[in-house]
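Enquirer: based on what follows, work out the 3D shape:
(2 chains)
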Amino acid sequence: MSAEQKNQTGGSLLELRHIDKTFNSGSVSELSLFKDFNLSVARGRFVCIIGSNGSGKTTLLNLLCGGETPDAGQILLGGRDITKEPEHVRSRRIGRVFQNPAFGTCPQLTILENLSLADRKGKSYGLSRGVSGKKLDEYRSKLELLKLGLENHLDLPVANLSGGQRQALALLICTMTPIDLLILDEHTAALDPSSSENVMELTRSFVQEKHLTALMVTHNLRFALAYGDRLLMMHRGKTVLDVCDGEKEALHVRDLTERFNEISIEDGNDV
Amino acid sequence: MDVFLGLFTGVVQEGFVYGIMALGIYVTYQVLNFPDLSVEGTFPLGSCVAGVMIAAGLNPWLACLAAFVCGAAAGGITGLLHVKLHITDLLSGILVMTALWSVNLAVTSGSAVMPFYNQPTVYTTGPAALIPDSQNSLRAVVVSFVFCLIVKVLLDLYLKTKSGLLLRAAGNNPRYVVSLGKDPGNMKILGLMLGNGLAALSGCILCQREESADIYSGTGMIVLGLAAVIVGINIFNGLKFLRSTTAVVLGAVLYRGVLVAALQMGLPTNYMKLLMAALLTVVLVAYQTMPAGRRKKHVS
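Expert: Below is the predicted model of the structure:
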């Protein structure tokens, strides 16, 4: 039983029940990743997920977002079964920032056009004007929150922005409309240290202000400890560490690396 | 001098009509990043539909609308094959192009050429009748120009609507469209419908000038359209005040001009398609403009 489940009963926003997932089923390269995997996340939690390559972090996110479907089991978001929902339908309630800064925005379109599109998320895209002048001030004030000066370059194609700027914009875009769940998929991994810090600070402030529930996969152990209020360590499709609040705050990077090493030894150093 | 003027008006007139098709290819190839071959079938489809309707005494303007709708339907099938049945983009186009050969023959009841001489066409009725018959070739240029201009302006306006922005996003970053809660596959289908509708409209207008529909008229349309898009965008986009759509139309006129010039310099007509392909090859090598990041599969 995880720390989360001990602390609270019911009221969880996200629930994964008895998830099975096997890749390349029936072939020599068959890989059974998840076997009866369970996870429940309470509303308002900011969960950091760490783990070595192949531990199932990314698959977990793909299962949540709809890029992969589980072989068995159920995924519930806000009490609704979304296991079979297509990716684009889930996206209306789930925001995702990708590792690759090029994924979260449309490079050819301008900042303004990107924001205007994002503003309509979940609604219809008809034949009305793509960019409305009425919203300009609102967009500017939102861009000011990023502290990157983008509010003065509304008509610049996003392709001209740096990775850090794009990632900050992607974060703004996917939290612009009300969402239930924010997924951060190693979203600082491709950025330089100072951009990473900036994007992480923005992440913290957006999650706090909008009371979002967030799942963040990261390889940066320092970020995993400094941000969020729950930490999961995954290994071979299992949760090997699950701590909340005070317990998490008591952890040090050293503890995590030790735990990583233990796992590595268990596996005969093949990690 | 008169000969030269005649050639010039011919090039400009045809260039504008092919420009409409090139705008269609601009939508599929440039905006959607989809190499759509069904155009080779939808272009003559437009002309066959128009030919049959006009020969039957129906309104030529109605024929234009019908051609657009038929082309859009065929483009929709290309899209469905690709998006719903997961057939590759090139193959979806080839399937539809091949199937349309029979469809076009069915439309014309089996004849490869469908003449409708002396029937009213868009070049002789409606607003075109304001220009007297004596100014025949000028009238043809004006009609072609106005048609092309209207299509271009409507396309420009569309690409600035919410739906248009989403279409551009679907070609540029399908993942982004998914994250906005929309299925990029549907946008692809929509774009293919638009592109092929325009190709059919172009075929419909071209055949009305010749007063005869020809099921062979589609051969080489991909090459012509692509050349127009690539030449136009690379040569004319340096001029910042020109929109891409304008550049594409100018590209069509320029490309047409080069072909006609070659014929005038004594190239036998039989070598026309060879020249078209050779020219596009030169253009492709010169600019190396395969759109970056073209993905083999759409994000489903």
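
Enquirer: which strand or helix spans residue 114?
Expert: Since no chain was named, I'll use chain A. helix A:111-119 (DSSP states H and E).

Enquirer: wait, I meant chain B there
Expert: Residue B:114 belongs to strand B:113-115, assigned by DSSP H and E.

Enquirer: what lines up beside that strand in the sheet?
Expert: strand B:212-214 (antiparallel) (DSSP bridges).

Enquirer: contact partners of whatever helix or strand comes next after the strand it pairs with?
Expert: Downstream of strand B:212-214, the first helix or strand assigned by DSSP H and E is helix B:221-231. By CB atoms under 8 Å, 6 or more residues apart in numbering or on different chains, the residues outside helix B:221-231 that reach it are B:18-19, B:21-22, B:24-26, B:29-30, B:37, B:39-40, B:43, B:199, B:248-249, B:251-252, B:254-256, B:273, B:276-277, B:279-280, B:283-284, B:287, B:289. The way it works is simple: take the backbone N, C-alpha and C, and place the C-beta from them, glycine included.

Enquirer: same check, this time on stretch B:138-156
Expert: Against stretch B:138-156 from outside (CB under 8 Å, 6+ apart): B:9, B:12-14, B:16-17, B:19-20, B:23, B:27, B:122-123, B:127-128, B:131-133, B:198, B:201, B:205, B:209, B:243, B:245-246, B:249.

Enquirer: ramachandran angles for the closest residue in space to residue A:29 that isn't next to it in sequence?
Expert: Nearest residue to residue A:29 in three dimensions, chain neighbours excluded: residue A:23, at 7.8 Å (CB to CB, 6 or more residues apart in numbering or on different chains). Backbone torsions of residue A:23, given as degrees, to the nearest 10, read phi -100, psi 150.

Enquirer: tell me how far residue A:23 lies from residue A:30.
Expert: As for residue A:23, its distance to residue A:30 is 7 Å (criterion: CB to CB, to the nearest Å).

Enquirer: can you check residue A:77 too?
Expert: 29 Å.

Enquirer: ditto for residue B:200
Expert: 50 Å.

Enquirer: more neighbours: which of the two?
Expert: Shown here are residue B:200 and residue A:30; by other CB atoms under 10 Å in any protein chain shown, residue B:200 has more neighbours (35 against 10).

Enquirer: how about that one, what does it touch?
Expert: Contacts of residue B:200 by CB under 8 Å, 6+ apart are B:42-43, B:45-46, B:49, B:67-68, B:70-72, B:74.

Enquirer: give me that answer again for 6 Å
Expert: Counting by CB atoms under 6 Å, 6 or more residues apart in numbering or on different chains, residue B:200 makes contact with B:42, B:45-46, B:67-68, B:70-71.

Enquirer: just put those residues in a markdown table and tack on neighbour count and distance to residue A:125.
Expert: Formatted as a markdown table, the contacts of residue B:200 follow (neighbours: other CB atoms under 10 Å in any protein chain shown; distance: CB to CB, whole Å):
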| residue | neighbour count | distance to residue A:125 |
| --- | --- | --- |
| B:42 | 38 | 25 |
| B:45 | 31 | 29 |
| B:46 | 36 | 28 |
| B:67 | 30 | 27 |
| B:68 | 23 | 22 |
| B:70 | 24 | 26 |
| B:71 | 33 | 23 |
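
Enquirer: those residues in helices, which ones?
Expert: B:42, B:45-46, B:67-68, B:70-71 (DSSP state H).

Enquirer: so which of those residues comes closest to chain A?
Expert: For the ones in helices among the contacts of residue B:200, the minimum distance to chain A (CB to the nearest CB) is 16.8 Å, reached by residue B:68.

Enquirer: could you list every residue that touches the closest one?
Expert: Residue B:68 neighbours (CB under 6 Å, 6+ apart): B:197, B:200-201.

Enquirer: quick check: buried residues in stretch B:218-235?
Expert: B:218-234 (16 or more other CB atoms under 10 Å in any protein chain shown).
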